[in-house]
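**Q** A structural model of the following input is requested.
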Amino acid sequence: MALTKKQKAQAINPEQLHGVDEAIAIARANATSKFDETIEVALNLGVDPRHADQMVRGVVNLPKGTGKTVRVAVFARGAKADEAREAGADVVGAEDLMTTIQEGTIDFDRCIATPDLMGVVGRLGKVLGPKGLMPNPKLGTVTMNVAQAVKDAKGGQVEYRVEKAGIIHSGIGKASFPAEDLRANFDALVDAVVRAKPSGAKGKYLRKVAVSSTMGPGVKVDVAQVNGAV
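**A** Numbering: from 1, shown residues only. This next block holds a predicted model:
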């Protein structure tokens with residue numbers, strides 16, 4: 001008789017360490033919901049993000065995509081607005097887009113702006129900031145190359161940011177993805193986070209790693225088997 005989802009979860013030893021491929025396989029096996037669950041990675045880092053020199057934040061292009069449909073808004077005018085639309089942006093505007101957002105309509109997952117419109121976007125800091133949607137030059141979302149930024153956002157680029165507890169959570173694809181695709185995305189994420197190691201980080205940087213599905217239990221990964229572990 002097949003195990004129920006709860007029985008499968010109970011069969012996982014929460015303290016046992018697994019290789020990356022094994023952890024991904026277990027997480028996929030526990031993704032038994034009626035929807036296509038996201039496979040998520042949690043990276044516990046040896047940083048205290050309350051200190052500016054220990055903040056870890058950036059973007060990474062997942063080579064196999066995310067499996068999600070990403071809606072992109074672009075603040076641009078004239079030719080740059082046309083470029084954004086041609087590249088597939090879902091919402092494009094300037095002061096009119098600002099007004100729409102101020103009125104409570106935020107129907108996008110990523111926000112991009114040309115530098116000349118940051119004065120307009122800046123008025124939305126209290127709205128977009130808490131949602132992690134504020135354009136940022138360091139993340140490539142304040143740029144004159146709006147077409148490439150739109151393509152990156154829709155093609156598998158994800159943002160990562162360490163939380164107060166020193167943990168980064170990020171999806172690496174859907175449970176329906178081939179295991180090798182999830183592994184490729186896992187490696188790309190870890191590599192990006194390791195390369196983003198801040199100057200203020202002391203001691204062991206990558207401390208714990210776990211993989212899970214949206215509704216499934218966490219599966220611990222042996223950090224020593226993670227590419228780029230430091």
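**Q** how about the strands in the protein?
**A** Taking DSSP state E, the strands of the chain run over residues 38-45, 57-61, 72-75, 91-93, 110-113, 157-161, 167-174, 206-213, 219-221.
**Q** I'd like those written out as TSV, with mean pLDDT, distance to Lys138 and mean neighbour count added.
**A** Glycine gets a C-beta too; all of them are placed from N, C-alpha and C. What follows is the strands of the chain, written out as TSV (pLDDT from 0 to 100; distance: least, C-beta to C-beta, whole Å; neighbours: other C-beta atoms under 10 Å):
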stretch	mean pLDDT	distance to Lys138	mean neighbour count
strand 38-45	96	18	22
strand 57-61	92	7	17
strand 72-75	98	17	27
strand 91-93	97	23	21
strand 110-113	96	13	26
strand 157-161	90	10	19
strand 167-174	95	16	21
strand 206-213	96	21	20
strand 219-221	95	28	23
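**Q** Adding distance to Ile24, write those strands out as CSV.
**A** Shown next, in CSV, are these (distance: least, C-beta to C-beta, whole Å):
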stretch, distance to Ile24
strand 38-45, 7
strand 57-61, 17
strand 72-75, 28
strand 91-93, 35
strand 110-113, 26
strand 157-161, 17
strand 167-174, 9
strand 206-213, 6
strand 219-221, 8
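**Q** Got the confidence number for the residue nearest to Gly125 when sequence neighbours are not counted?
**A** Leaving out its chain neighbours, the residue that sits closest to Gly125 by C-beta to C-beta, 6 or more residues apart in numbering is Met134, at 6.3 Å. The score at Met134 is 95. That number is its pLDDT.
**Q** sorry, back to before: Ala196 is nearest to which of the strands of the chain?
**A** Of all the strands of the chain, strand 57-61 sits nearest to Ala196, with 4.9 Å by C-beta to C-beta.
**Q** Just confirm Asp48 contacts Val56, I think it does.
**A** No - here Asp48 does not reach Val56: they are 10.8 Å apart, not a contact under C-beta atoms under 8 Å.
**Q** picking up where we left off before, ok, which of the strands of the chain comes nearest Val127?
**A** Closest among the strands of the chain, using C-beta to C-beta: strand 110-113, at 10.5 Å.
**Q** Show me the contact partners of the closest one.
**A** 70-76, 84, 89, 121, 128, 133-135, 141-143, 146, 149-150, 153 (C-beta atoms under 8 Å, 6 or more residues apart in numbering).
**Q** Which of Asp48 and Val56 has more residues huddled nearby?
**A** Val56 (22 against 16; other C-beta atoms under 10 Å).
**Q** And the more buried one, how far from Gly67?
**A** 24 Å (C-beta to C-beta, to the nearest Å).
**Q** elements contacting the longest helix seen in the chain?
**A** Taking DSSP state H as the criterion, the chain has its longest helix at helix 179-195. On a contact count with 3 or more C-beta pairs under 8 Å, 6 or more residues apart in numbering; DSSP states H and E, helix 179-195 meets helix 20-29, strand 38-45, strand 57-61, strand 157-161, strand 167-174, strand 206-213.
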